[in-house]
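>>> My questions concern the predicted model and sequence given below.
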Amino acid sequence: MTDDKPTVRKGQYTGQLERETFRARFMRRFYDPAFQAEQAALARLEAIAWDAYAQGRKAPITVKAGPGHADPDYDLSVEWKETRDRLALAERAQQDPATPSRVLVVIGASRNDGTCPGEVSKSWRLARILLEELRAAGMRTDTLDLSRLVSEYEYRIHPCKGCVSTAMPLCHWPCSCYPNHSLGQDNDAMAAIYEQWVAAHGVILVAPSYWYQSPSPLKLMIDRLVCADGGNPDPTLTGGKDPLKAKQVELDGWPYPKHLAGRAYGLVVHGDVAGIEAQRRALSDWLDWMGLVDAGASSRLDRYIGYYRPYATSHEELDRDRAVQQEVRNVARAVANFIPRLRRGAMAGLERGIRDPRPK
């Protein structure tokens, strides 16, 4: 609680585009000469898109929130509600003791052989080792290959808009910033990705180091998972995206719910020259912060593959490195061994009497 009176600072946004700028950007999507025969149709579509943009029709199809919400008469986005309902079903199944244990393997590399690199990533190959070992241990598996962002038509993860930094309750669980149809911000992959995370009893991330950091597709997903750590499950509580209401809700006392807490995790971080230790620590810190639980020392791996060797022979280096292949198998085994203990409550009580004075 605080006695501070919330304020909302304004002045950064430069306003809507001029019509001609909007039209040029819209038409740029149809640069291929094959579209030239449909100029009249495109002009009609551009006029509709401009109207949606000018009026800010973010969620053109809505439904009343209904019972169980702070404001039952609030017009909720149908798309958001459908995602929220799927997460609720996934959460119930995940918590059911009769549900088979499920592990989500996330491939964080940008590279695959369906686009410019012309070759599979080593992260994908390492993920296949993990999946083989997890299935042998009786785990159900799910795969999220984030390289699809660079090779699949209209498959996107839009960037986080930073609602948390205005007020935590303004960040909705699941994220309600997208789709925003007035801005053409659609086909957001995160709705399905949230469901994969919620359904899992364990998650293993596999990623190379790009310039000492996680690859951009992985970082996009990480940022958009901020709503899982303290996010508001009822957008009507904040009048949708009303910053002043959200600030007041937070100042009145916010519980910062951890929507993914209690799941097991493992990590495989690899590189060729530098940066793997820092990246692995950063990913561990992030997962710890969200309340996931590491499956022991063997579940967190960082290794160089072909250290200071040519990129051109990196796959051959992985072929020869039987030790790192075994260490990756050990990550899968550690997670598979840990999940049953976690699910039957063997880890419960470890934090009895420990209260976090700063839950943010």
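Yep, it's here.
>>> Need the pLDDT of residue 5.
Residue 5 carries a pLDDT value of 89.
>>> Can you pull out the low-pLDDT segments for the stretch 201-350 of the chain?
In the predicted model of the stretch 201-350 of the chain, residues 349 satisfy pLDDT under 70.
>>> Could you tell me whether residue 262 really is in a helix?
No - under DSSP: H, G, I helix; E, B strand; the rest coil, residue 262 sits outside any helix and is assigned coil.
>>> Can you list the residue ranges for strands in the stretch 51-200 of the chain?
62-64, 75-77, 102-107, 140-145 (DSSP state E, counting those that start in this stretch).
>>> quick one, which of the ones you listed is packed in tightest?
strand 102-107 (a mean of 25; mean count of other Cβ atoms under 10 Å). The C-beta positions use only the backbone N, C-alpha and C, and glycine is treated the same way.
>>> For that one, name the packing helices and strands.
Judged by 3 or more Cβ pairs under 8 Å, 6 or more residues apart in numbering; DSSP states H and E, strand 102-107 is in contact with helix 122-136, strand 140-145, helix 190-199, strand 202-208, helix 322-343.
>>> Could you give the average pLDDT over that strand?
Mean pLDDT, computed over strand 102-107, is 98.
>>> Taking helix 190-199 as reference, get the angle to it.
Orientation note: strand 102-107 sits at an angle of 130 degrees relative to helix 190-199 (axes from the mean of the first three to the mean of the last three Cα atoms, to 10 degrees).
>>> So in that sheet, which strands flank strand 102-107, and in what orientation?
Note on strand 102-107: by DSSP bridges, its sheet partners are strand 140-145 (parallel), strand 202-208 (parallel).
>>> by how many degrees do that strand and helix 122-136 diverge?
170 degrees.
>>> any idea how far strand 102-107 is from the chain center?
Distance of strand 102-107 from the chain centroid (Cα atoms, centre = their mean, to the nearest Å) equals 13 Å.
>>> Provide the contact partners of that strand at residue level.
Residues outside strand 102-107 that contact it (Cβ atoms under 8 Å, 6 or more residues apart in numbering) are 94, 121, 123-124, 127, 130-131, 134, 139-147, 196-197, 199-207, 218, 221, 335-336, 339.
>>> returning to that earlier point: indicate which one of the strands of the stretch 51-200 of the chain is closest to residue 191.
Closest of the strands of the stretch 51-200 of the chain to residue 191 is strand 75-77, at 11.2 Å (criterion: Cβ to Cβ).
>>> What helices and strands are in contact with the closest one?
Based on contacts counted as 3+ Cβ pairs under 8 Å, 6+ apart, the elements that strand 75-77 packs against are strand 62-64.
>>> What lies in contact with the strand it packs on?
By Cβ under 8 Å, 6+ apart, strand 62-64 touches 72-78, 81.
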